[in-house]
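> With the sequence up front, the predicted model follows.
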Amino acid sequence: THQDTDQPCNLLTYQQRGWCRAELLAKVCGSGWEEIYLVYGEEKLQVEPAPRSFLGNSIFVFEGDFSNPLDKEQLMMPVL
């Protein structure tokens, strides 16, 4: 559960959130597709490389969900 919104917080919702997509795009632009990991678990964490299929759709920043639509405008220049 997301701490601020009390909404579900999982891999699917991470991929849908606009700011999370912006974070992934920044990582890919900075150092490429390598060394992006998914972390699972509560008590014992499991770490595995993120599959390329996960990353492919996640970098479409402006197709993501934003709680404040004006955030898209704030991201326009940095993304360009």
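Arrived safely, thanks for sending. Numbering: from 1, shown residues only.
> Which elements pack onto the helix or strand where Met76 lies?
Using DSSP states H and E, Met76 sits within helix 70-79. Counting contacts by 3 or more Cβ pairs under 8 Å, 6 or more residues apart in numbering; DSSP states H and E, helix 70-79 is packed against helix 18-31. The way it works is simple: take the backbone N, C-alpha and C, and place the C-beta from them, glycine included.
> What is the neighbour count of Gly64?
Applying other Cβ atoms under 10 Å, we find 21 other residues in the vicinity of Gly64.
> Show the contacting residues for the nearest residue to Pro8 once chain neighbours are set aside.
Counting by Cβ to Cβ, 6 or more residues apart in numbering, Thr1 is the residue found nearest to Pro8 once chain neighbours are left out, at 6.6 Å. Applying Cβ atoms under 8 Å, 6 or more residues apart in numbering to Thr1 gives the contacts 7-9.
> Which one of these sits in the busiest neighbourhood?
Result: Cys9 is most packed of the contacts of Thr1 (other Cβ under 10 Å), 14 neighbours.
> and that residue, what does it touch?
Here Cys9 is in contact with 1-2 (criterion: Cβ under 8 Å, 6+ apart).
> at 10 Å instead, please
1-3, 17 (Cβ atoms under 10 Å, 6 or more residues apart in numbering).
> For the most centrally placed residue in the chain, give me its contacts.
Nearest to the geometric centre of the chain sits Cys20, at 2.9 Å (Cα atoms, centre = their mean). By Cβ under 10 Å, 6+ apart, the contact set of Cys20 is 13-14, 58, 61, 64-65.
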